[in-house]
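S.K.: My questions concern the predicted model and sequence given below.
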Amino acid sequence: MKVRALIVSLLLFLTVFQLQASQDIKVRIQKTLTINSVKVKVFSGTYQLQDSVGNTRALFNKGDSVVIRTFNNELILISPADTFFCGNTVRLRSVGFLNIFQLYAENSTRLYDDDLLISLQEDKTLWLINEVELEHYVAGVVQAEAGIAKNGEFYKVQAVAVRTYTLKNIEKHAADGYQLCDQTCCQVYKGRCANTEIMISTSKTAGQILTDSAGNLITAVFHSNSGGQTANSEDVWGKSLSYLRSVNDPYSVSQTSYSWTKTMSKSEWLDYLKKNFNYPVSDAREVAKVTNFTQSSRQVYLTGNIGLRKIREDLGLRSTFFSISEQGDKVVFSGRGFGHGVGLSQEGAINMARQGFSYTDILKYYYLGIRISTLEELEKTP
């Protein structure tokens, strides 16, 4: 009976999920690969194959597959039943309910929801764009960004943040003919969500977004672990935002990514400072400042105009929240946290959820003065 109840509940949530997933997002997928040929297999549902002028050239059902590659200056499609040219673009358009395709590209195999657009570029490579319903995309990002959390309430937190970030940045790659990509510069997206708990949590928050006091979408950034204190937005990106304020975060303390260390030779550290900042490494007093440095709370600079953010980027450190100690001929970076430190701490939020906090309480803890609104309300805002 419990299994049957779970199945009924899941089907109900999937129905709500489909009904509310009305907005399509154009996401360039497999962006880091150089693709010259791709195989697509229908995993579920039915697809129309349309050429560059919109004509339907074939109909594919579950189990059918097609290979698409370049030939001269066109795309050629090869299936067991036929071979034909389609111009410089091909669209696999879903027909009906629960359409899923399997994509084989350069030794990578992934499942995706909804539609696929393939376009031939001037360099003869293929761009793959997943035209995916918003809620399907949100669930996929939640799984890619935080699927190991295993906590339904946290998945609600992540879903609302992901949805908000998506819509706030929806035109990031508009000049390139798509809206978002599947890399960290947007949000990590590896295709269809296969986690039932994430799908249910996403559907329970469908359409929910975060807005500021003026009713505008916030920049809902997140990171792995704050190290016990989040950062002000201007300290990382130079722009002050009222909802991205530094907050004490005891919920991130002692979690998986809370602490880290890195050791390097003292001479290498001083050479780096001299080369990049013209630091006076022959002055003993100045050397002492950069070999014995403590952050009890977040700072922006090591000393003078030497920014901690640049040090983090150049040395590949996990965060800017670190102290430095001299140990013989070496220096040890003892750090806290993982990521830029602004906004939502994922590990802190997971800990809060496990302690019984609601997803709304967690969101309001990390994003100050925000309102949990809906897409419908946003559309009515003048």
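M.R.: Perfect, I can see it now. Numbers count the residues shown, from 1 in each chain.
S.K.: Identify all contacting residues around stretch 289-304.
M.R.: Stretch 289-304 has contacts (CB atoms under 8 Å, 6 or more residues apart in numbering) with 229, 231, 235, 246, 266, 269-270, 273, 277, 279, 286, 306-309, 311, 320-326, 331, 341. C-beta coordinates here come from the backbone N, C-alpha and C atoms, glycine included.
S.K.: So, low pLDDT: which residues of this structure?
M.R.: 1-22, 381-382 (pLDDT under 70).
S.K.: tell me the domain ranges of it?
M.R.: 24-132, 174-249+342-380, 259-336 (automatic domain parsing).
S.K.: Dump those into a markdown table; add distance to residue 160 and mean neighbour count as well.
M.R.: Below are those laid out as a markdown table (distance: least, CB to CB, whole Å; neighbours: other CB atoms under 10 Å):
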| stretch | distance to residue 160 | mean neighbour count |
| --- | --- | --- |
| domain 24-132 | 16 | 17 |
| domain 174-249+342-380 | 5 | 19 |
| domain 259-336 | 25 | 15 |
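S.K.: Generate CSV for those domains, with distance to residue 154 as supplementary columns.
M.R.: Putting the domains of the chain into CSV (distance: least, CB to CB, whole Å) gives the following:
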stretch, distance to residue 154
domain 24-132, 23
domain 174-249+342-380, 4
domain 259-336, 21
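S.K.: Residue 151: which of those domains is closest?
M.R.: Residue 151 lies closest to domain 174-249+342-380 among those, at 4.9 Å (CB to CB).
S.K.: Quick one: end-to-end length of that closest one, please.
M.R.: With CA to CA, to the nearest Å applied, domain 174-249+342-380 spans 24 Å between its terminal residues.
S.K.: Likewise for stretch 144-155?
M.R.: Counting by CA to CA, you get 12 Å between the two ends of stretch 144-155.
S.K.: Over to stretch 142-156?
M.R.: Stretch 142-156: ends 9 Å apart by CA to CA.
S.K.: Buried ones in that stretch, by neighbour count?
M.R.: Residues of stretch 142-156 classed as buried under the neighbour-count rule (16 or more other CB atoms under 10 Å) are 142-147, 149, 151, 153-156.
S.K.: So what pairs up with the spatially closest residue to residue 325 that is not a sequence neighbour in the strands?
M.R.: Using CB to CB, 6 or more residues apart in numbering and skipping the chain neighbours, the partner closest in space to residue 325 is residue 332 (5.2 Å). Beta bridges link residue 332 to residue 263, residue 325, judged by DSSP bridges.
S.K.: Residue numbering should commence at 89 henceforth.
M.R.: Sounds good: first residue 89 from here, last item residue 420.
S.K.: which residues does residue 420 contact?
M.R.: When contacts are counted by CB under 8 Å, 6+ apart, residue 420 touches 349-351, 412-413.
S.K.: again with residue 275
M.R.: Per CB under 8 Å, 6+ apart, neighbours of residue 275: 229, 232-233, 250, 253-254, 268.
S.K.: Residue 131 belongs to a strand?
M.R.: Yes - assessed by DSSP: H, G, I helix; E, B strand; the rest coil, residue 131 belongs to a strand.
S.K.: My read is that it contacts residue 199, right?
M.R.: Yes - Residue 131 is in contact with residue 199 according to CB atoms under 8 Å; the separation is 5.9 Å.
S.K.: Beyond the longest strand seen in the chain, next helix or strand please.
M.R.: Using DSSP state E to define each element, the chain has its longest strand at strand 177-193. Using DSSP states H and E, the helix or strand that follows strand 177-193 in sequence is strand 196-201.
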